[in-house]
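Engineer: Here is a sequence together with a model predicted from it:
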Amino acid sequence: MKPHRVAFVGLGRVADVHYAALQAAGPRARLAAVCDVRAEAVEQRKQQWGVPGFTSFEELLRSVEVDAVCLFLPHDVHLEFVTLASRFKKPIFLEKPIAISVEEAQRINGVCRDAGVRLMVAHNGLFHPAFERMVALVRAGLIGRPLFAQARSTQWLDFRPWDFRLSSRKTGGGAWMDCAGHLVYRLREVFGEVADVSGMTGNLVRAEMEGEDFASAVLRYESGAMAQITVSYGLKLPGYEHDWPQGCEQSLLISGDRGAVEYAICPHPSLRLFSEVEGGRSPALQGWIVQETPEPFEFSFVRQLAHFLDCLDSGEEARVTGGDAIETLKVLRALYDKLSDAGGAGEAI
């Protein structure tokens with residue numbers, strides 16, 4: 001089979017991670033072109049990756065034959081670029097979140113549906129084998145009924161002068177909008193749909209950010225379970241002086257009525273289980289059973305891209321559809337809506 005010709009649109013730091021995933025795909029895919037509004041970024045990638053570069057997405061689509069486009073862009077322009085890609089009938093791999101508002105997200109979904117264009121939203125965390133094993137342990141009943149989760153993603157994100165995350169308009173908020181989705185969509189796999197969201201946000205240390213650098217929320221699910229989510233772009237942890245994912249700590253602790261499972265996500269994945277259920281019982285109930293986790297954090301991006309390529313080959317629907325991404329976005333926007341109704345981003349609900 002001929003390799004899928006892929007275009008990268010948006011050349012920020014996440015493009016490097018996706019490029020490594022593309023290289024891992026071997027002969028299945030190759031990078032055909034790159035695009036960014038920053039001419040210096042385009043020139044750098046042209047030299048580094050040896051492909052044509054453009055500052056206009058439409059010019060790229062008219063000049064280079066591509067089989068799919070990967071959009072790694074500020075959140076506020078997703079609708080514009082998805083609409084253009086759909087007009088050219090190109091399958092779309094879109095970095096999360098799907099949009100900055102539920103209305104725009106629904107329009108994105110509708111544009112792709114009406115054009116008959118496949119859309120996959122990048123929820124890479126769903127594709128790590130350790131996460132899949134964690135979900136399997138919960139669904140096997142080894143922690144009993146899932147009741148509560150503690151989830152966090154904390155780091156000191158190194159902002160470049162051109163980083164769109166400095167702008168609340170381009171991000172659609174701040175650290176909550178940009179980061180919490182990774183925890184929200186993972187927890188949805190365990191607890192199902194969210195019934196209510198409450199919490200608070202604040203800008204405590206990153207004055208260069210227009211949006212919040214800290215956020216903490218409590219989610220109540222339709223099942224009655226609860227989860228606490230904390231995110232920060234203003235917390236210094238070991239390794240913070242190096243580029244992401246060093247200095248970033250992400251984790252999930254899911255507690256049930258008969259045990260718990262803990263998944264350290266980043267920077268070094270690990271998984272451990274405490275269970276009093278027959279068949280998964282911890283030895284003498286004295287401690288955690290550590291599960292083998294050989295795959296690095298970045299492996300989730302490799303498997304995610306492989307899945308997208310599989311969908312291009314088979315014509316099957318992607319694991320993360322626009323509809324799935326909208327459910328995650330609804331949770332993110334719900335916190336901002338609650339805070340707005342309360343009169344300020346710093347108020348507790």
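Structural biologist: Noted; the coordinates are in hand. Predicted model only: the values in this text are computed from it and were never measured. Numbering: from 1, shown residues only.
Engineer: How about stretch 5-17, which residues are buried there?
Structural biologist: By neighbour count on 16 or more other Cβ atoms under 10 Å, the buried set for stretch 5-17 is Val6, Ala7, Phe8, Val9, Gly10, Leu11, Gly12, Val14, Ala15, Val17. Every C-beta, even on glycine, is put in place using the N, C-alpha and C of the backbone.
Engineer: what's the span of it from first residue to last?
Structural biologist: With Cα to Cα, to the nearest Å as the measure, the ends of stretch 5-17 fall 18 Å from one another.
Engineer: same question, stretch 272-290
Structural biologist: Note: stretch 272-290 ends 4 Å apart using Cα to Cα.
Engineer: which residues touch that stretch?
Structural biologist: 137, 140-144, 258-262, 270-271, 291 (Cβ atoms under 8 Å, 6 or more residues apart in numbering).
Engineer: most surrounded residue in these?
Structural biologist: Neighbour counts for these, by other Cβ atoms under 10 Å, peak at Val261, which reaches 28 neighbours.
Engineer: Look up how far Phe148 lies from that one.
Structural biologist: According to Cβ to Cβ, to the nearest Å, Val261 and Phe148 sit 12 Å apart.
Engineer: anything in contact with each of those two?
Structural biologist: Ile254.
Engineer: can I get the contacts of stretch 272-290 in JSON lines with secondary structure, pLDDT and distance to Leu31?
Structural biologist: Formatted as JSON lines, the contacts of stretch 272-290 follow (DSSP: H, G, I helix; E, B strand; the rest coil; pLDDT from 0 to 100; distance: Cβ to Cβ, whole Å):
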{"residue": "Leu137", "secondary structure": "helix", "pLDDT": "95", "distance to Leu31": "37"}
{"residue": "Ala140", "secondary structure": "coil", "pLDDT": "95", "distance to Leu31": "40"}
{"residue": "Gly141", "secondary structure": "coil", "pLDDT": "95", "distance to Leu31": "44"}
{"residue": "Leu142", "secondary structure": "coil", "pLDDT": "94", "distance to Leu31": "42"}
{"residue": "Ile143", "secondary structure": "coil", "pLDDT": "96", "distance to Leu31": "42"}
{"residue": "Gly144", "secondary structure": "coil", "pLDDT": "96", "distance to Leu31": "47"}
{"residue": "Arg258", "secondary structure": "coil", "pLDDT": "94", "distance to Leu31": "48"}
{"residue": "Gly259", "secondary structure": "strand", "pLDDT": "94", "distance to Leu31": "45"}
{"residue": "Ala260", "secondary structure": "strand", "pLDDT": "96", "distance to Leu31": "42"}
{"residue": "Val261", "secondary structure": "strand", "pLDDT": "97", "distance to Leu31": "38"}
{"residue": "Glu262", "secondary structure": "strand", "pLDDT": "98", "distance to Leu31": "37"}
{"residue": "Ser270", "secondary structure": "strand", "pLDDT": "95", "distance to Leu31": "32"}
{"residue": "Leu271", "secondary structure": "strand", "pLDDT": "97", "distance to Leu31": "33"}
{"residue": "Gln291", "secondary structure": "strand", "pLDDT": "87", "distance to Leu31": "35"}
